[in-house]
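Engineer: For reference, the sequence and a predicted model appear below.
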Amino acid sequence: MEKMLREIRERVLNNIEEARATSALEQIRVGVLGKKGELTALLRGMGKLPPEERPKMGQLVNDVRAALEDRLEARAKELAEREKAARLAAEAIDVTLPGPARSAGSLHPMNIALSKMVEIFVGMGYEVVEGPEVEYDHYNFELLNLPKNHPARDAQDTFYVDDNIVLRTHTSPVQARIMTTRKPPIRVICPGRVYRADEADATHSPVFHQMEGLVIDENITMGDLKGTLDEFARQMYGEGIRTRFRPSFFPFTEPSAEVDLTCANCKGEGCRMCKGTGWIEVLGAGMVNPKVLEMCGIDSKKYSGFAFGMGVERIALLKYNIPNLRYLYENDLRFLTQYR
Amino acid sequence: MKVPMKWLKEYVDIHMTAEEYASRMVMTGTGVEGVDKTGAQFDNVVVGYVVSCVDHPNSDHLHLCMVDVGQAEPIQIVCGAPNVHAGMRVAAALDGAHLPGGKIKKSKMRGEVSCGMLCSGPELDVPAGLYPNIGDAGIIEIFEDVKPGTDVKEVFGLGDDIVDFEILANRPDCLSVWGLARESSAVLEEHFVMPEIAVEETGAGTFDDYAKVQVLDDETCPRYCARVITDVKIGPSPKWMREYLYGAGVRPINNIVDITNFVMLETGHPMHAFDLSKVKDQTIVVRRAHPGEHLTTLDGKEHVLDESMLVIADKQNATGLAGIMGGEESEIVEDTSSVLFECAAFERANNRVTARKLGIRTESSGRFEKGVCADTAMEALERACMLVNMLECGRVVPGAFDHYPNPKPPVEIDAEVGRICRRIGVDVPGEVMEDILNRLYIDTTLVDGKLLHCEVPAFRQDMETDADVSEEVLRMYGYDHIPSTLMNGVTMAGRRNAHTAFSDRVKAALVGMGLYEVLNYSFISPRWIDSLGLASDDARRNAVVLRNPLGEDTSVMRTSLVPSMLNTVAANLNRGNADGMLFELSKVFAPTGVAGELPEERLSLCVGAFGEGVDFYTVKNIVVWLLAKFGVAAQIEAAGDAYYHPGRKAEMRADGVKLAALGEIHPDVAERFDIKGRVYVAEVDLDALMPLEKDFYGIKPLPKFPSVSRDIAVVVDENVGAGTMMDAIRKAAAKTLEDVKLFDIYRGDKLGKGKKSVAYAITLRAPDRTLTDEEINATMDKVLKALGEFGAELRA
């Protein structure tokens, strides 16, 4: 019996070593330790032994059983690891293969620029306000010191709906509406669509966007206007971008200025984009004309203010190096999908 | 306005290059478009002396000329002009010369060498009138005894720097050489020297012996001055005058006409010269036109006038439009022998309206529109007479006509030094301000160091208030002195307004779903609305119409974003962009129907999707997700406009409010927009959605009790909406429903024709207890009953 036990032990251990899959191990286990297994049968046959031998034999069988179980378990772990590794290896995929096509989506570049502009001014305490695009001549022109038949109206070729209603030529009428309805201090920006009767070309569009800013309070100076626009220029185009003010004329501001920014392309060195001057004309600004304040019911002795207006498309063109304004209104996906 | 530097320098010293000068002017507020030279269109053209001229041996019209061009030996030039002859001085373009028509190269013409070209006026692009016989047939003959080899630019008076000024609307006084010289003198701190005006009156009699002027409308003609010249000899004006006029972009014509143009450019006063013998009864009447009165202007065009228009007339008929254009009859011609010079001030708004109504725009009308100073009109007229003396082209008759009943009182402004400093943000001492203003010919005294008392000269019609004074001070002191500060005062809470914040959230959601934003014009063609095939009484056919559109394609304001979107899709397909998902967020405009009222503007969203991988459910999901993002659950029903596919369109409503319409575009409509293939569109009324947005107040606690799931499959008629039944399940099981999902739709012979089986997985849960079987069964019974309303039967 002892010999049999030894033989089983050796044979089974050997089988375990030779097993190549967890399923083979299971068969071995059943063959030895299962209900009908060899060892189980031996244990069952113990009854035939003389009682004094039983404990010793029992001990021996159990030792063999324990040894086989240990080995089975260890080998099972080994094989399971190996099988997992094989499975994972088989599951390898080509990670360089592109995933299913998915459209990234983007705002229109004009609106990307506008959002950035709005963010900058909101950060400086400005409130966004809006007004109608189809507007009364009264707000678009008259309250801004541009009476009917004033030659300065020629600078803004106007679409008319009737004698008193126009498509707003700038976002300034929103300022007029704010000034006639609110009391200072006022600090607002008015972004929106505007219209001029210009044929579309590389630098003109009959529909475009402006963002106007208006500040009215006590002791507002032209220095504050410059400081504000300097801050805008830095945030929009980067450190090192400065403003240059040139005297100009707008009926609703006095003094008025054309404002140039350092050419972002050459950092002011002079290049083709800025025609060698190092400056790019970007916006118009000035101190609100006291006449305009008075027309809107604000005491010009007590309050002063500044206003500025800029073309959003122009800002976007400069920011994103877009060579032609037409790109913005053609909506060609090959252009739009370049934005993120 | 183009001004030759030489002309400016007659009145002010400018010790710098034209470019430096231009930049000084720009930085003090006088815009400059650019600096050019006259005659820049050609180079290397010199005076040549034709030594000999013989016929070309191989041609019946060419000549072989030996031309002395100032070099050691004469050169041979082949010339075809009939007027070329030996002993003539010519303009010879040398080998390598650039002409407007191209580069001149030494070459062989019919076997003979030609080392250059003898030029005509058009070949050099110089106008007739610049030099006596430019414009006659053939090559230019130079009459003066000039050394061969001299640059012809010297002979023609070319090569001067021309500054092209861009004068701002508030400074019409600078639309003149004197005005610019005066402005320059202030900028450069140099003296402005105006010529002393003295007229020699050598004509017989007095003004009244020759002409009668009646001004019948003081309002539109505040001033009218006139002078008579007799013994007029029409001829070319002298070289210096022609040179200045040409440099300023005006074609020289003859001495009298040139004088009027010269004075206009120099003083800013448009003038008119009448051939006095052609003025009926030698009487000039300035009056408003009679309604329906006819007039033929100098350009041969006939106009019908109305009573708002100011005309120059004889006793009976209008002969010219005051300040805009003269009449044909009294034009200056070769044999004109007596002239009446007019120099007047016409009211700007009236002038502008008349010019606009008649569609005429002339140099003169442009100037009157911008404002011509009445005070200096007589001075300008005297300058013209002085030039008549100088050119010896007539005799000035003693006496003048001057109608100026209401001279404008001079403007005086008191401006506080401190207030100016506060406004401009720069501390400029009062004395410096006083000096600056005086340099600008604004007669200023500083009172107590605190107050500037300014007497504004008549030509500065733009100066009215202390704000204007502050601008004058600052621009002369230098805009580069403005410091960069940020305002003191109360802190303001910056924010996007609700509307902007909302539309920004909409855009962010759409971009997140992979859509690209597009921008289209707000005005479209009415034909595009037709192409949608809307019913004749559809409100969207009633659009705001522009009175002066650029063209029919941009003539009405959008009532819907769909046509623009379809055009955008078509354009992309056309360019080979095979698929895409787009959106536009913009206003649509609806007239209120009340005259004089602004239209209603609504913020609208339009989604367009086309190409591979998109279908009806793509755009439906976009809308559903968008609404879900704003906490809005909407009911969907199969309905919609006729421009959608009849079986693939839907409308979405929440609380009875229509929020969205979507579907596949009807193939007929797609075809009208040149779209081949399917295109899907969704429209969302954002102004309707915005008030429905649910604020996010907090979360539901996570469940503590178990849920149960039940699957049911029902058989219904094909036309019953699976989503509609889902809504019914939600309603029926509302109390304990956690979720309902559709997991299968099956069609097959076993079910019978026109039937489908729809299977739902229903999850129930109560927040405060474990649901009992009784409760669950009761709920499921309710669900089945609700589905029974659609004729649904439990699938066996």
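Structural biologist: Right, received. Where do you want to start?

Engineer: okay, now the domains of chain A?
Structural biologist: Here the domain assignment for chain A is A:2-90, A:109-336, based on automatic domain parsing.

Engineer: Now do the last one: distance from first to last residue.
Structural biologist: The first residue of domain A:109-336 is 8 Å away from its last residue (Cα to Cα, to the nearest Å).

Engineer: and that domain, how far from the chain's centre?
Structural biologist: Relative to the chain's own centre, domain A:109-336 is displaced by 26 Å; criterion: Cα atoms, centre = their mean, to the nearest Å.

Engineer: hang on, the earlier thing: turn the domains of chain A into JSON lines, including distance to B:S120.
Structural biologist: For the C-beta atoms, the positions are set from N, CA and C on the backbone; glycine is no exception. Below are these laid out as JSON lines (distance: least, Cβ to Cβ, whole Å):
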{"stretch": "domain A:2-90", "distance to B:S120": "90"}
{"stretch": "domain A:109-336", "distance to B:S120": "35"}
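
Engineer: Which of these has the highest mean neighbour count?
Structural biologist: domain A:109-336 (a mean of 20; mean count of other Cβ atoms under 10 Å in any protein chain shown).

Engineer: rank the domains of chain A by pLDDT, which is bottom?
Structural biologist: Of all the domains of chain A, domain A:2-90 carries the lowest average pLDDT, namely a mean of 87.

Engineer: Quick check: end-to-end length of that one?
Structural biologist: End-to-end span of domain A:2-90 (Cα to Cα): 46 Å.

Engineer: distance of A:T180 from B:G430?
Structural biologist: According to Cβ to Cβ, to the nearest Å, A:T180 and B:G430 sit 36 Å apart.

Engineer: check contacts around whatever residue of the stretch 301-450 of chain B ends up closest to chain A.
Structural biologist: Residue nearest to chain A within the stretch 301-450 of chain B (Cβ to the nearest Cβ): B:G425, separated by 2.9 Å. If you count contacts by Cβ atoms under 8 Å, 6 or more residues apart in numbering or on different chains, B:G425 has them with A:221-224, A:226, B:482-483, B:485.

Engineer: which ones among those are found in strands?
Structural biologist: Among those, DSSP state E puts none in strands.

Engineer: could you dump those residues to TSV with distance to B:F523?
Structural biologist: Output for the contacts of B:G425, formatted as TSV (distance: Cβ to Cβ, whole Å):
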residue	distance to B:F523
A:T221	41
A:M222	38
A:G223	41
A:D224	38
A:K226	37
B:I482	40
B:P483	44
B:T485	43
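
Engineer: now, among the residues you listed, which is nearest to B:S531?
Structural biologist: Of all these, A:K226 has the smallest distance to B:S531: 51.5 Å, by Cβ to Cβ.

Engineer: For the residue nearest to B:L305 when sequence neighbours are not counted, which residues are in contact?
Structural biologist: Leaving aside its chain neighbours, B:L305 sits nearest to B:A289 (3.6 Å; criterion: Cβ to Cβ, 6 or more residues apart in numbering or on different chains). Taking Cβ under 8 Å, 6+ apart as the criterion, B:A289 is in contact with B:295, B:305-311, B:318.

Engineer: quick one: B:A289 and B:T763, what's the gap?
Structural biologist: In this view, B:A289 and B:T763 are 87 Å apart by Cβ to Cβ.

Engineer: sorry, back to before: for the contacts of B:A289, which one is nearest B:W178?
Structural biologist: Checking the contacts of B:A289 against B:W178 by Cβ to Cβ gives B:L310 as the nearest, at 26.5 Å.

Engineer: how close does that closest one get to B:D275?
Structural biologist: B:L310 is 21 Å from B:D275, where distance means Cβ to Cβ.

Engineer: who's more crowded, these two?
Structural biologist: B:L310 (26 against 20; other Cβ atoms under 10 Å in any protein chain shown).

Engineer: what's near enough to touch the residue lying closest to the more buried one once chain neighbours are set aside?
Structural biologist: Closest residue to B:L310 apart from its sequence neighbours, by Cβ to Cβ, 6+ apart: B:A322 at 4.1 Å. By Cβ under 8 Å, 6+ apart, the residues touching B:A322 are B:220-221, B:286, B:310-312, B:344, B:346, B:351.

Engineer: Tabulate those (TSV), appending secondary structure and pLDDT.
Structural biologist: Below are the contacts of B:A322 laid out as TSV (DSSP: H, G, I helix; E, B strand; the rest coil; pLDDT from 0 to 100):
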residue	secondary structure	pLDDT
B:T220	coil	94
B:C221	coil	96
B:V286	strand	96
B:L310	strand	96
B:V311	strand	95
B:I312	strand	94
B:A344	strand	96
B:F346	coil	96
B:N351	helix	92
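
Engineer: give the contact list for the most centrally placed residue in chain B.
Structural biologist: With distances taken as Cα atoms, centre = their mean, the residue of chain B nearest its centroid is B:L550 (11.9 Å). Listed by Cβ under 8 Å, 6+ apart, the contact partners of B:L550 are A:197, A:199, A:206.

Engineer: and it, what pLDDT?
Structural biologist: At B:L550, the pLDDT value in this model is 93.

Engineer: State the distance from the residue lying farthest from the centre of chain A to A:M1.
Structural biologist: Distance from the C-alpha centroid of chain A, by Cα atoms, centre = their mean, peaks at A:P50 (86.9 Å). Distance of A:P50 to A:M1, given as Cβ to Cβ: 12 Å.

Engineer: Likewise for B:N438?
Structural biologist: Using Cβ to Cβ, B:N438 is found at 136 Å from A:M1.

Engineer: what does B:A226 give?
Structural biologist: 152 Å.

Engineer: So which of the two has more stuff around it?
Structural biologist: B:A226 (21 against 13).

Engineer: which other helices and strands contact the host helix or strand of the more buried one?
Structural biologist: If you go by DSSP states H and E, B:A226 is part of strand B:223-230. If contacts are counted by 3 or more Cβ pairs under 8 Å, 6 or more residues apart in numbering or on different chains; DSSP states H and E, strand B:223-230 sits against helix B:207-210, strand B:212-215, strand B:339-345, helix B:377-391, strand B:395-396, strand B:401-403.

Engineer: can you list contacts of the last one?
Structural biologist: Put plainly, it is strand B:401-403. In contact with strand B:401-403 (Cβ under 8 Å, 6+ apart) are residues B:207, B:211, B:213, B:215, B:221, B:223-227, B:378.

Engineer: Now which of the residues you listed would you call buried?
Structural biologist: B:207, B:211, B:213, B:215, B:221, B:223-227, B:378 (16 or more other Cβ atoms under 10 Å in any protein chain shown).
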